[in-house]
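Visitor: Okay, structure incoming, though there's no sequence with it:
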């Protein structure tokens, strides 16, 4: 049986869901971002109990077709943003249409109606969050980050970063260093 879960965006979310299923003695075949496949059917009571367990960490079982499609769109976006350095450059609208078997215009209109933001704005927000992580980890230069995230240049990355956060990537990096110094002084 397939179950769809809202707000799964990282490996720790998968761990939480696996643990909740194990506690309930429900055997999972696979646990992916936004989607769980179980060996057996899950009763309505079990769904309610699972939902109660995972809500504690901000996750939620989805029951409606609309919710499932939104979560599938989010899953493709997260995969695209977090694994973009491993893939060849492809137009995101083509990728989304290909993965979900709907026209991009249908998906874009549907997403905008339900989420009150565009797919493009959501992708940009996700990319900026990923860039923040890469800056904080400090393993890559801005040039490497721009390349990894498929920006045409560091200037393009910086302009988009500043538009979304109000800070330049360099300033954001400096704030991180200042914060680290303040903690060490305690």
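Guide: Cool, got the structure. All of these numbers come straight from a predicted model, not from anything done at the bench.
Visitor: Enumerate every residue touching the residue nearest the centre of the chain.
Guide: In the chain, the C-alpha nearest the mean C-alpha coordinate belongs to residue 78, at 3.6 Å (C-alpha atoms, centre = their mean). Contacts for residue 78 were tallied using C-beta atoms under 8 Å, 6 or more residues apart in numbering; they are 9, 33, 126. Heads up, the C-betas are built off the backbone N, CA and C, glycines and all.
Visitor: Quickly find the element holding it.
Guide: helix 65-82 (DSSP states H and E).
Visitor: Then residue 129?
Guide: helix 119-137.
Visitor: Residue 30 too?
Guide: Judged by DSSP H and E, residue 30 forms part of strand 28-32.
Visitor: Can you give the distance from that strand to the centre of its chain?
Guide: 18 Å (C-alpha atoms, centre = their mean, to the nearest Å).
Visitor: cool, and stretch 28-48?
Guide: 20 Å.
Visitor: State the distance spanning the first to the last residue of that stretch.
Guide: 17 Å (C-alpha to C-alpha, to the nearest Å).
Visitor: buried sites along it?
Guide: Judged by neighbour count (16 or more other C-beta atoms under 10 Å), stretch 28-48 contains these buried residues: 31, 33-36, 38, 42, 46.
Visitor: between the residues you listed, which is closest to residue 22?
Guide: residue 31 (10.6 Å; C-beta to C-beta).
Visitor: these two touch, right, the closest one and residue 16?
Guide: No: between residue 31 and residue 16 there is no contact under C-beta atoms under 8 Å: 9.7 Å.
Visitor: just the helices in the chain please.
Guide: For the chain, applying DSSP state H gives helices covering 11-23, 44-55, 65-82, 92-100, 104-115, 119-137, 142-148, 154-165, 169-185.
Visitor: and the third one with helix 92-100, angle?
Guide: Using axes from the mean of the first three to the mean of the last three C-alpha atoms, to 10 degrees, one finds that helix 65-82 and helix 92-100 are set 130 degrees apart in direction.
Visitor: about what we covered before: show me what the strand holding residue 30 is packed against.
Guide: helix 11-23, strand 35-38 (3 or more C-beta pairs under 8 Å, 6 or more residues apart in numbering; DSSP states H and E).
Visitor: Burial-wise, tell me which of the ones you listed comes out on top.
Guide: Across those, averaging neighbours per residue (mean count of other C-beta atoms under 10 Å) puts strand 35-38 on top, at a mean of 18.
Visitor: what about it, average pLDDT?
Guide: Mean pLDDT, computed over strand 35-38, is 89.
Visitor: partners of it, with directions?
Guide: Sheet pairing of strand 35-38 (DSSP bridges) gives strand 2-6 (antiparallel), strand 28-32 (antiparallel).
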